[in-house]
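K.L.:
Sequence first, predicted model second:
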Amino acid sequence: MLKYGPVSSHFDFDSTGKRRGFIDLNHSDDRHAFSLIRLPVGIISGKPGPTLLITAGNHGDEYEGQVICNRIMQDISPEHLTGRIILLPALNLPAVRARTRVSPLDNGNMNRSFPGHPDNGPTAAIAGFVNQHLIPMADVILDFHSGGTATKYIDCGYLCWGADDHLNQANLILADAFGADFTMLQNIDGTGGDFDTAAYQQATRFLSCELGGMGSLSPTSVATGLSGVYGILNYLGMYTLNATSFPPKETRLIDVGNDMSHITSAHDGLASWDIALGQTVKTGDPLATIYHSHNVGEILAEIHSPQDGIVAVQRRNPLVEAGDHLFMICRQIDRSTHC
Ligand SMILES: [Zn+2]
């Protein structure tokens with residue numbers, strides 16, 4: 001049995017074929033008393049080879065990856081696979097059930113809870129189980145995200161860049177294999193508590209991604225993510241039946257570190273968008289107009305882009321309060337500086 005604080009699993013991760021099981025969270029409250037909260041796990045295991053761990057539901061209101069895990073479990077047969085795929089579609093199951101970003105049990109944000117702790121609540125305990133038991137099983141990890149209920153992202157890879165250049169380059173190859181047009185690049189500072197950093201600290205190859213959002217499910221984003229999984233499987237030599245359908249692509253890197261802008265509203269009001277997600281903007285281009293909620297036609301603010309870049313993230317709901325996030329504008333990075 002694998003165990004970390006209140007999280008344990010009797011599932012045989014070394015079994016062959018296609019298997020389903022659970023990682024159990026022991027949490028006692030009004031709803032659960034002596035019940036277990038059972039995080040679903042799927043495994044597809046074929047001939048000896050590498051292990052790809054695929055996770056989704058890290059944030060509970062992000063659905064594309066959850067669907068992709070189910071599709072992979074359905075579509076890939078062990079007899080055509082070299083290696084093992086471990087699928088966790090609902091990493092923070094309490095948040096998934098509640099349709100929320102963070103866990104209703106402890107307000108825990110899974111992607112701020114790594115490397116985990118056995119005694120700091122259910123979310124940190126699940127993170128600790130992953131950190132101690134699942135990261136060491138994996139040769140490559142793919143963690144699915146989206147904009148959640150509040151925002152929408154362009155469909156993109158998400159890459160953390162640290163001090164280990166060999167690992168950086170290996171992860172960049174993963175991003176090309178995933179094949180999204182863009183990949184967000186962020187420097188690791190080691191303090192974020194994210195899954196990416198936990199894997200990096202164990203020198204495990206890791207790619208995250210952002211696919212769609214709005215608390216909805218985009219068929220286009222699901223297709224991009226599925227294609228990305230097959231691209232990585234092909235690159236790793238794990239599943240090559242459809243290799244020609246998913247060739248690697250030199251992804252364009254965009255900065256989500258220093259050379260980007262979060263645009264927030266300075267007013268309460270109703271936003272009219274002047275730009276769409278994914279569009280390219282120049283400094284000074286109009287992004288949004290904020291109207292007074294009660295005085296019809298009164299303009300409170302006209303918001304312009306403070307920099308050149310691509311609209312990489314956009315807010316879902318146009319009714320805004322002062323301080324609400326509206327857009328993220330990211331500049332493309334010269335890839336030659338990172339290769
Ligand atoms: Zn997320």
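P.N.:
Looks like it arrived, so ask away. Quick caveat: nothing in here was measured; it's all calculated off a predicted structure.
K.L.:
switch to C-alpha atoms for all contacts and neighbour counts from now on
P.N.:
Noted.
K.L.:
Quick one: neighbours of residue 9, just the number.
P.N.:
Neighbourhood size, residue 9 [other Cα atoms under 10 Å]: 18.
K.L.:
ditto for the one 10 residues further on
P.N.:
Counted with other Cα under 10 Å, residues neighbouring residue 19 total 16.
K.L.:
now swap in residue 308 and tell me
P.N.:
When neighbours are counted by other Cα under 10 Å, residue 308 comes out with 19.
K.L.:
Would you mark the buried spots in the lengthiest helix in the chain?
P.N.:
Secondary structure of the chain read by DSSP state H shows that its longest helix is helix 219-235. Buried positions in helix 219-235, judged by neighbour count with 16 or more other Cα atoms under 10 Å: 221-222, 224-235.
K.L.:
for stretch 96-114, same thing?
P.N.:
96, 99-104, 108-114.
K.L.:
what does stretch 118-131 give?
P.N.:
118, 121-131.
K.L.:
Contacts made by it with the rest, please.
P.N.:
Stretch 118-131 has contacts (Cα atoms under 8 Å, 6 or more residues apart in numbering) with 3-8, 25, 27, 91-92, 103, 105-106, 108-110, 113-117, 198-199.
K.L.:
can you give me the helices for the stretch 51-200 of the chain?
P.N.:
All helices of the stretch 51-200 of the chain, identified by DSSP state H, counting those that start in this stretch, fall at 64-75, 93-98, 122-129, 165-178, 195-201.
K.L.:
Around the ion, pick out the residues from the stretch 101-250 of the chain.
P.N.:
Taking Cα under 5 Å from the ion as the criterion, the stretch 101-250 of the chain approaches the ion at residues residue 145.
K.L.:
Smallest gap between the stretch 101-250 of the chain and the ion, at which residue?
P.N.:
Distances between the stretch 101-250 of the chain and the ion by Cα to the ion are smallest at residue 145, namely 4.1 Å.
K.L.:
Report how many residues lie close to that residue.
P.N.:
What residue 145 shows, counting by other Cα under 10 Å, is a neighbour count of 29.
K.L.:
Contacts only, for it.
P.N.:
Residue 145 neighbours (Cα under 8 Å, 6+ apart): 56-59, 62, 64-65, 208-211.
K.L.:
From these, which land in strands?
P.N.:
Secondary structure defined by DSSP state E assigns 208-211 of the contacts of residue 145 to strands.
K.L.:
Residue 337: what secondary structure?
P.N.:
Secondary structure, DSSP: H, G, I helix; E, B strand; the rest coil: residue 337 is helix.
K.L.:
can I assume residue 102 is in contact with residue 60?
P.N.:
Yes - when contacts are counted by Cα atoms under 8 Å, residue 102 is listed as touching residue 60 (6.6 Å).
K.L.:
Return every residue with contacts to both of those two.
P.N.:
The contact sets of residue 102 and residue 60 overlap at residue 95 (Cα under 8 Å, 6+ apart).
K.L.:
ok, back up a step: report the two of the buried residues of stretch 96-114 separated the most.
P.N.:
99 and 114 (21.3 Å; Cα to Cα).
K.L.:
Any stretches of this structure with poor pLDDT?
P.N.:
190 (pLDDT under 70).
K.L.:
list the contacts for residue 215?
P.N.:
61-63, 147-150.
K.L.:
what's the farthest-apart pair in those residues?
P.N.:
Checking the contacts of residue 215 with Cα to Cα, the most distant pair is 63 and 150, at 13.1 Å.
K.L.:
partners of the strand or helix carrying residue 288 in the sheet?
P.N.:
Following DSSP states H and E, one finds residue 288 within strand 286-291. Here strand 286-291 has these sheet partners by DSSP bridges: strand 269-273 (antiparallel), strand 299-304 (antiparallel).
K.L.:
after the longest helix of the chain, next one along is what?
P.N.:
Following helix 219-235 in sequence, per DSSP H and E, is strand 252-255.
K.L.:
what's the distance between the very next helix or strand once past that following strand and the middle of its chain?
P.N.:
Downstream of strand 252-255, the next assigned helix or strand under DSSP H and E is strand 260-264. The chain centre lies 20 Å from the centre of strand 260-264; the measure is Cα atoms, centre = their mean, to the nearest Å.
K.L.:
Can you list the strands that strand 260-264 pairs with?
P.N.:
strand 325-330 (antiparallel).
K.L.:
Other residues contacting the partner strand?
P.N.:
254-256, 259-265, 305, 307-315.
K.L.:
Now which of the residues you listed would you call buried?
P.N.:
The buried subset of these - by 16+ other Cα under 10 Å - is 254-256, 260-261, 263-265, 305, 307-315.
K.L.:
Which ones among these also lie next to the ion?
P.N.:
With Cα under 5 Å from the ion as the criterion, the buried ones among the contacts of strand 325-330 include none near the ion.
K.L.:
So what pairs up with the spatially most central residue of the chain in the strands?
P.N.:
For the chain, the residue nearest the mean C-alpha position is residue 145 (2.5 Å; Cα atoms, centre = their mean). Per DSSP bridges, the residues bridged to residue 145 are residue 210.
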